[in-house]
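# Structural data only, the sequence is not supplied:
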């Protein structure tokens, strides 16, 4: 089950960033808003060890490390691959050199041990980014096509790849270029009912949500059929829900790292 890839498409295949800068920034801004004042102070103190003066841009950092040899170890930590016949994902899908599942657990564990140093600040940046990656469905994608990177499509008249459409293409088509307006529109969905529902389970549960979405994406994919605005609208609720779930769950992880003292 492989698809022909045209030469022009190859230009785009290496440039995919999960949810792009817009999505990662949005996830972290909405997560930050859910923290208490004291938890925000803890996070801000960690950011003081970095070149970032706010949380959202720090969450894009892990996508800006290409070409820096000291961070080559993290390249496979943005994703995890499954086989076409797999119906679910387990930790056994994670290679010895790591994947997004093990990376989230590793950086969370490091922050549990140390939440004040420059090393902890680096783990915060990685953790926050990888939680976002996990919720972009094609970062829990098939190994045969590198999570959709090798599937060329025409989206809105441009040669793209399936992975890139889910990273940024759909968001941009839905108007997410207007960052603040998009934040304001989505924020009400982070109500108590939704947050309580989403802040359950663990990394594997969240990854298997992505697997279910990937199955749906591929079931409806028609090779050679151009994709237009209708494709973005069809998947609007899915991609917006994944952004919100990532924000709620990142906030939950940080809240557990820095629990509020019990009253009384």
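Yep, that arrived. The structure displayed is predicted, hence computed values, not measured ones.
# same for the lengthiest helix in the chain, what does it pack against?
As assigned by DSSP state H, the longest helix anywhere in the chain is helix 236-257. Of the remaining helices and strands, those touching helix 236-257 by 3 or more Cβ pairs under 8 Å, 6 or more residues apart in numbering; DSSP states H and E are helix 20-33, helix 37-47, helix 100-113, helix 118-135, helix 170-173, helix 179-186, helix 192-198, helix 203-220. For glycine as for every other residue, the C-beta is placed from the backbone atoms N, C-alpha and C.
# for the fourth one, which positions count as buried?
If I follow you right, that is helix 118-135. Within helix 118-135, the residues that count as buried by 16 or more other Cβ atoms under 10 Å are 120-135.
# and the longest helix of the chain with helix 37-47, angle?
Interaxial angle, helix 236-257 versus helix 37-47 (axes from the mean of the first three to the mean of the last three Cα atoms, to 10 degrees): 90 degrees.
# residues contacting residue 186?
Shown in contact with residue 186 (Cβ atoms under 8 Å, 6 or more residues apart in numbering): 26, 30, 240, 243, 244.
# Run a quick neighbour tally on residue 107.
Using other Cβ atoms under 10 Å, residue 107 has 23 neighbouring residues.
# Now do the same contact list for it.
Residue 107 is in contact with 123, 124, 126, 127, 130, counting by Cβ under 8 Å, 6+ apart.
# which of those residues lies closest to residue 85?
Using Cβ to Cβ, residue 130 is the member of those that sits closest to residue 85, with 26.0 Å.
# Okay, buried residues for stretch 20-33 please.
20-32.
# Please tabulate these in JSON lines, including the columns pLDDT and distance to residue 225.
Below are the buried residues of stretch 20-33 laid out as JSON lines (pLDDT from 0 to 100; distance: Cβ to Cβ, whole Å):
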{"residue": "20", "pLDDT": "78", "distance to residue 225": "24"}
{"residue": "21", "pLDDT": "89", "distance to residue 225": "29"}
{"residue": "22", "pLDDT": "93", "distance to residue 225": "26"}
{"residue": "23", "pLDDT": "95", "distance to residue 225": "25"}
{"residue": "24", "pLDDT": "97", "distance to residue 225": "30"}
{"residue": "25", "pLDDT": "97", "distance to residue 225": "32"}
{"residue": "26", "pLDDT": "97", "distance to residue 225": "30"}
{"residue": "27", "pLDDT": "98", "distance to residue 225": "31"}
{"residue": "28", "pLDDT": "98", "distance to residue 225": "35"}
{"residue": "29", "pLDDT": "98", "distance to residue 225": "35"}
{"residue": "30", "pLDDT": "98", "distance to residue 225": "34"}
{"residue": "31", "pLDDT": "98", "distance to residue 225": "36"}
{"residue": "32", "pLDDT": "98", "distance to residue 225": "40"}
